[in-house]
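In: no sequence for this one, just the structure:
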């Protein structure tokens with residue numbers, strides 16, 4: 001096939017230079033049209049690059065391939081996808097409509113957004129994709145039957161590239177509008193793409209949310225064909241949004257994505273779309289929202305994670321403070337929550353650094369959470385200890401202490417730190433884990449403890465925590481929760497360690513904060 005596919009691109013500065021590695025490699029090629037159609041049907045990356053071409057700034061990421069696979073799953077009548085803001089959700093939705101028109105029996109699509117004008121913009125983009133050079137080269141020219149933005153409707157004959165044609169209808173709609181006249185050519189929409197159908201206006205109150213619910217499940221969904229496909233995409237605005245509630249129902253086949261995920265192999269955090277949003281950029285974005293008092297908004301838009309209400313914690317309970325300089329604190333200590341769990345999702349080791357600032361409450365200033373071997377735990381704690389001058393280390397779990405304390409003492413000798421690091425047993429004092437975590441969050445709520453600004457991983461665990469569940473991702477916040485316990489049990493020792501003194505087994509180890517001045 002002779003195609004106007006994007007040619008290979010180079011930057012010319014006297015001679016050919018290396019192209020931007022973030023951009024997809026594209027080259028003109030002679031391919032049979034039938035092979036191209038087969039690739040378009042089966043290959044997500046090829047489909048996306050075929051239509052977007054030079055508009056792509058980066059190579060097609062794995063998340064888009066994953067979303068595309070879910071979006072084009074013809075075995076399910078309902079698909080609900082919660083996708084972070086600025087992750088090309090709408091672009092994938094528009095391309096997905098073309099895929100359904102080309103490769104399934106669906107022929108009448110209604111595109112629903114919160115505002116009709118946005119839906120019309122999306123439909124206009126769909127039509128422009130169908131008029132692009134690549135599409136015309138492989139399939140031919142679309143025959144427009146009716147194109148009316150006033151009526152929010154496009155009717156056209158779609159060439160399938162094999163000599164056959166398909167009459168298709170594309171209709172734009174906004175939430176709350178009348179659905180009269182939706183029956184066209186004795187057909188009702190057999191596929192609905194719902195893209196950000198909720199906004200702050202229509203979810204601002206229980207009354208408006210209830211009105212939207214009635215319209216969605218009454219007026220809108222009842223206007224669709226009996227046999228239909230519904231694809232719902234968006235962000236969770238709050239706990240009561242339809243997207244949030246439906247994401248808990250199996251019959252909607254929900255999949256929820258957050259902009260930050262944890263690598264299954266290493267346990268380390270990584271960005272969902274690293275070319276567009278690096279982990280550092282996401283943390284910076286979170287810090288800006290946090291400084292404006294918009295933690296909940298960020299969590300909803302970027303993590304699809306509204307607060308959990310009565311079963312968990314809210315962002316208002318978190319007390320954020322700037323990170324103090326290591327030379328402006330009174331003391332520092334480390335809490336280690338080693339992982340020896342049987343369940344794969346609960347086997348992360350978490351290390352947190354706590355400090356006593358000159359002004360303000362004790363606070364968590366650093367954290368590290370991943371899958372670590374015993375020697376790796378020591379090395380990571382040693383790295384953090386060097387930066388913060390934190391040489392009082394509390395180790396959780398009696399079983400772990402029997403293994404780690406002996407090993408750590410040996411490793412400290414190798415480091416030339418013999419008898420310079422205090423390895424202290426961290427006992428829960430009989431408190432259940434949920435009570436321990438709740439107590440720590442309560443201290444933050446009352447200004448008695450703090451968390452460093454930009455503590456995105458810790459914030460995520462706090463807001464996802466469900467007090468009614470026994471097994472969940474809580475290793476990091478449990479390490480944080482041991483900070484006050486360690487301070488209560490070993491405060492004098494912690495402060496003297498920080499100052500280079502050694503106090504062992506003395507009752508003065510429970511002095512208050514003034515011991516720093518002794």
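Out: Perfect, I can see it now. Quick caveat: nothing in here was measured; it's all calculated off a predicted structure.

In: is it true that residue 156 lies in a helix?
Out: No. Read with DSSP: H, G, I helix; E, B strand; the rest coil, residue 156 is strand and lies in no helix.

In: what bridges to it?
Out: Judged by DSSP bridges, the bridge partners of residue 156 are residue 144, residue 168.

In: flag the shaky bits of the stretch 1-150 of the chain, pLDDT-wise.
Out: Counting by pLDDT under 70, the stretch 1-150 of the chain has low-confidence residues at 1-31.

In: typed the wrong thing, it's the chain
Out: In the chain, residues with pLDDT under 70: 1-31, 181, 307-310, 340-346, 398-401, 428-431, 501-518.

In: change it to 80
Out: 1-31, 180-181, 185, 201-204, 306-311, 340-347, 397-402, 427-431, 470, 500-518 (pLDDT under 80).

In: could you list the domains of it?
Out: Annotated domains of the chain cover 61-257, 307-517 [automatic domain parsing].

In: ok, for residue 81, nearest residue in space, not its chain neighbours?
Out: With C-beta to C-beta, 6 or more residues apart in numbering as the criterion, residue 81 has its nearest non-adjacent residue at 5.0 Å, and that residue is residue 233. C-beta here means a position set from N, CA and C on the backbone, and glycine is covered the same way.

In: now do the strands in the stretch 51-200 of the chain.
Out: Ranges of strands within the stretch 51-200 of the chain are 78-82, 108-113, 143-148, 153-159, 165-174, 191-195, based on DSSP state E, counting those that start in this stretch.

In: so which of those strands gets nearest residue 93?
Out: Residue 93 lies closest to strand 191-195 among the strands of the stretch 51-200 of the chain, at 5.1 Å (C-beta to C-beta).

In: next secondary structure after that closest one?
Out: helix 206-214 (DSSP states H and E).

In: what residues of that following helix count as buried?
Out: 209, 212 (16 or more other C-beta atoms under 10 Å).

In: which residues are contacting it?
Out: 175-176, 198, 201-203, 240-242 (C-beta atoms under 8 Å, 6 or more residues apart in numbering).

In: what helices or strands is the following helix or strand past it leaning on?
Out: Once the chain leaves helix 206-214, the next helix or strand it forms, by DSSP H and E, is helix 221-222. Helix 221-222 sits against no helix or strand, with contacts defined as 3 or more C-beta pairs under 8 Å, 6 or more residues apart in numbering; DSSP states H and E.

In: from the middle of its chain, how far away would helix 221-222 be?
Out: 31 Å (C-alpha atoms, centre = their mean, to the nearest Å).

In: relative to residue 176, how far out is residue 198?
Out: 11 Å (C-beta to C-beta, to the nearest Å).

In: now do residue 460
Out: Taken as C-beta to C-beta, the span from residue 460 to residue 176 is 34 Å.

In: now swap in residue 445 and tell me
Out: Counting by C-beta to C-beta - residue 445 and residue 176 are separated by 38 Å.

In: give me the more crowded residue out of these two.
Out: Between residue 445 and residue 176, counted using other C-beta atoms under 10 Å, the more crowded position is residue 176 (18 against 15).

In: ok now do that one, which residues does it touch?
Out: Residue 176 makes contact with 202, 211-212, 215, according to C-beta under 8 Å, 6+ apart.

In: pretty sure residue 262 contacts residue 268?
Out: Yes. Using C-beta atoms under 8 Å, residue 262 is in contact with residue 268, at 7.0 Å.

In: for those two, indicate the residue with more neighbours.
Out: Neighbour count, other C-beta under 10 Å: between residue 262 and residue 268, residue 262 has more, with 19 against 14.

In: good, we can wrap up now.
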